[in-house]
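K.L.:
show me how the following folds:
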Amino acid sequence: MRTILYIVRKEFLQVMRNKTMIPMIFALPVVQLVILVNAATMDMRNIDLIIVNNDQSSLSRDLSVKFSQSAFFSIIPKYFTEDEAEKEMLLNNTDMILVIPAGFEEKVYSQGKADLQVQIDAINGMTAGLINSYASQIIRSFYLETLASSGSNALRDSYIKNIRIEHRFWYNDELNFKFYMVPGILAILLTVIGMFLASLNLVREKEIGTIEQINVTPIRKYQFILGKLLPFWIIALFELVIGLIIGKLLFNIPTEGSLPLLFLFAALYLVAVLGIGLLISTISDTQQQAQFLNFFVLVTFIMLSGIFTPAESMPHWAQNVNLINPIAYFIRINRMILLKGSGFADLASDFAVMATMAVLLIAFATWRYRKTA
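P.N.:
Numbering: from 1, shown residues only. Model prediction:
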């Protein structure tokens, strides 16, 4: 045990003396958390909108005002014909066109319904879906307000035939996308510390030739590996503390569940990730080779993890890959604990899988290292 503590102490001293590693460990994760959470968001703001008002009635102007008061839309203040508006969309100057036909007000009050045309730039299908959802909500809200303020029997009869739907959003009732992204970004930061830096630190011993000196000492393999990996395990958990504090102070993320439970799962997760980093270091002779392998593994796991798009919407083969993707487990557990307040009973199967994964990865990586050292 004393030997391991000496190695851990030596590793911490090396980290503190390394002028490039200190910013990578402490400064960059903070900057990435602040920037990525604000950048990687599906919330739409300042959607450029052109309104072609062919009715020029008070009701059509009220509808235009309704869109202008929304936090999502930014109306281009210029009169356009339909052809001119479509040219603007071809030039990528607008995201949506709302065409209000002539006779709109008259049809609404006499027939209880009228047509509206919505044209959306659908190059990005996900963005187009969000724009359509926002626009539909505004139009529906405008219709209900018009109904409430009107004595038209046609309007009332039309409304009675419709189904009234009331929405309740659980766990993130404000639909704040930052609440959804912070746990995912935290998982990526811990992975970078646990896998990327740990593997590079081990390969560095090969490059500078000190690994041969260590091999002829009485230090056993498990002592050397524990002494090398334990500092990054501790640093990564410290990064999780910092990330949670930043998430609370800057983004006010909820913490509905147990933080000790979160740290327990994070500890297991880091063992698995350190095992991957150790495995990469055993098959790499230079830091450049380790960087390429880390990049390949990290990007693949992140893209399949469901951090940006739901894993349930991916092909079955991708969902099957996630069965051995530790990042997917950690992101899901983070969100369940922080947002839903899930307890150990809800996460027992994930804990069992992660514990098994951690034991197998660290054992195989240790065996592989002993074989090639």
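
K.L.:
for the rest of this, base every contact and every neighbour count on C-alpha atoms.
P.N.:
OK.

K.L.:
in the protein, what helix or strand scores lowest on average pLDDT?
P.N.:
Least confident element among the helices and strands of the chain, by mean pLDDT, DSSP states H and E: helix 153-160 (a mean of 56).

K.L.:
which is the next helix or strand following that one?
P.N.:
Sequence order places helix 177-191 as the next helix or strand after helix 153-160, per DSSP states H and E.

K.L.:
what helices or strands is that next one leaning on?
P.N.:
helix 28-39, helix 221-251, helix 259-282, helix 326-335 (3 or more C-alpha pairs under 8 Å, 6 or more residues apart in numbering; DSSP states H and E).

K.L.:
pLDDT (mean, whole number) over that helix?
P.N.:
Mean per-residue pLDDT for helix 177-191: 86.

K.L.:
who touches that helix?
P.N.:
Helix 177-191 has contacts (C-alpha atoms under 8 Å, 6 or more residues apart in numbering) with 29, 33, 36-38, 40-43, 172, 236-237, 239-240, 243, 247, 251, 253-254, 270, 273, 302, 307, 327, 330-331, 334-335, 338-339.

K.L.:
now the angle from it to helix 28-39?
P.N.:
150 degrees (axes from the mean of the first three to the mean of the last three C-alpha atoms, to 10 degrees).

K.L.:
my guess is Lys107 contacts Pro101, does it?
P.N.:
No - the criterion here is C-alpha atoms under 8 Å, and Lys107 misses it with Pro101 at 10.3 Å.

K.L.:
and the two? Which one has more around it.
P.N.:
Pro101 (17 against 14; other C-alpha atoms under 10 Å).

K.L.:
residue contacts, the more buried one?
P.N.:
53-55, 115-116.

K.L.:
how about stretch 206-226: buried residues?
P.N.:
206, 221, 223-226 (16 or more other C-alpha atoms under 10 Å).

K.L.:
now do the helix or strand hosting Gln288: everything it contacts.
P.N.:
Gln288 belongs to helix 287-304 when assigned by DSSP H and E. For helix 287-304, the surrounding residues in contact (C-alpha under 8 Å, 6+ apart) are 188, 195-196, 199-200, 203-204, 207, 277, 280-281, 284, 311, 318-319, 321-322, 325, 327-328.

K.L.:
swap the cut-off to 10 Å and go again
P.N.:
184, 187-188, 191-192, 195-197, 199-207, 276-277, 280-284, 305, 308-311, 314, 318-319, 321-322, 324-328, 331 (C-alpha atoms under 10 Å, 6 or more residues apart in numbering).

K.L.:
cool, and stretch 361-371?
P.N.:
Here stretch 361-371 has contacts from 220-222, 225-226, 271-283, 355, 357-360, using C-alpha under 10 Å, 6+ apart.

K.L.:
from those, list just the buried residues.
P.N.:
221, 225-226, 271-282, 355, 357-358.

K.L.:
ok, now which ones touch the closest residue to Met357 other than its chain neighbours?
P.N.:
Among residues not flanking Met357 along the chain, Ala272 sits closest, at 6.2 Å (C-alpha to C-alpha, 6 or more residues apart in numbering). Counting by C-alpha under 10 Å, 6+ apart, Ala272 touches 191, 194-195, 266, 278, 326-327, 354-363.

K.L.:
which ones among those lie within helices?
P.N.:
191, 266, 278, 326-327, 354-363 (DSSP state H).

K.L.:
tell me which of the residues you listed is nearest to Met21?
P.N.:
Nearest to Met21 among those is Thr191, at 15.5 Å by C-alpha to C-alpha.

K.L.:
and that closest one, how many neighbours?
P.N.:
24.

K.L.:
now it: how far from Phe263?
P.N.:
14 Å (C-alpha to C-alpha, to the nearest Å).

K.L.:
low pLDDT regions in the stretch 51-200 of the chain?
P.N.:
148, 150-167, 174-175 (pLDDT under 70).

K.L.:
typo on my end, the stretch 201-350 of the chain
P.N.:
211-216.
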